[in-house]
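J.: please work out how this folds:
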Amino acid sequence: MLFNTFAILAAAVGAAAKPLGRPVVTDAHLYAYGKDIGGLPILRLKGVSPNRDNILDNAYLVNTTVSTNPAVHNVTFSCTTENRTLQTSGPPEAENGTATNLFAFKKDTGLATFTDLEDTAATTTGFIFFGSMLFVDVDHHMQAKWVARPVEVDGQALFQIGWDSKEKDAIPIQLNTRAPMHQ
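T.: Purely as a prediction, here's the structure:
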């Protein structure tokens, strides 16, 4: 009788328990940490590119307030669970009217950008948060090969975010949802 009571109790607890899954990240900002980069936020610059190659929507680290440059926009990230995309808020459209609400990196250049799900030239899925750090699932391995490259756009010093760059000036960074202590 006592055994039956424990068996029923264990079955009831097991049926009521929710399975553990990956935490969903919503309404978060991403900050970069690396050598001489102490928690700069990821911002979106609309309509500019360091080498003017028609990349309309790049991800940058900017050491300035949003109000000083009308092309700079704050970005809020939310990670979906089904295809592990990073949805973004902020300016929703590129100049051609295409929705650009996904954080991605270009497969050929590694530049971090904002794009749409139809962009086959960019990696738009596989983003995973482990604690507060952002990783990418590459062939079933969690990787964090984020880099920041110093660039200048219209006289403003910035860092262009990228993935797995072999450039000499690329600084390895960690992307994290934790804001720096000085903010």
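
J.: for E167, which non-adjacent residue is spatially closest?
T.: The shortest distance from E167 to any non-neighbouring residue, by Cβ to Cβ, 6 or more residues apart in numbering, is to R149 (6.0 Å). To be clear about C-beta, it is placed using only N, CA and C from the backbone, and glycine gets the same treatment.

J.: my guess is the one you found contacts K168. True?
T.: No. Counting by Cβ atoms under 8 Å, R149 stays clear of K168, with 9.7 Å between them.

J.: so between those two, which is more surrounded?
T.: Between R149 and K168, counted using other Cβ atoms under 10 Å, R149 has the larger neighbour count: 19 against 6.

J.: who's in contact with that one?
T.: Neighbouring residues of R149 by Cβ atoms under 8 Å, 6 or more residues apart in numbering: 159-160, 162, 165, 167, 169-171.

J.: pull out the buried members of the residues you listed.
T.: Those of these that meet the buried threshold are 159-160, 162, 165, 170-171, by 16 or more other Cβ atoms under 10 Å.

J.: which one of the residues you listed is nearest A179?
T.: A179 lies nearest to F159 out of the buried ones among the contacts of R149, by Cβ to Cβ, at 17.3 Å.

J.: and the closest one, what pLDDT?
T.: Confidence at F159, expressed as pLDDT, is 89.

J.: could you measure from it over to K107?
T.: To K107, F159 is 21 Å away according to Cβ to Cβ, to the nearest Å.

J.: so where's the protein uncertain?
T.: Residues of the chain meeting the criterion pLDDT under 70: 1-24, 46-57, 63-73, 82-83, 90-100, 154, 182-183.

J.: looking at it, which strand is longest?
T.: For the chain, the longest strand by residue count, based on DSSP state E, is strand 37-46.

J.: and it, C-alpha only, in PDB?
T.: Listed next in PDB are the C-alpha coordinates belonging to strand 37-46 (Å, rounded to 0.1, in the frame of the first residue of the first chain):
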ATOM      1  CA  ILE A  37      36.200  47.200 -25.300                       C
ATOM      2  CA  GLY A  38      34.500  47.400 -21.900                       C
ATOM      3  CA  GLY A  39      30.800  46.700 -22.500                       C
ATOM      4  CA  LEU A  40      30.000  48.800 -25.600                       C
ATOM      5  CA  PRO A  41      26.400  48.200 -26.800                       C
ATOM      6  CA  ILE A  42      25.600  46.800 -30.200                       C
ATOM      7  CA  LEU A  43      24.000  49.500 -32.300                       C
ATOM      8  CA  ARG A  44      22.600  49.700 -35.800                       C
ATOM      9  CA  LEU A  45      23.800  52.200 -38.300                       C
ATOM     10  CA  LYS A  46      21.400  52.700 -41.200                       C
END
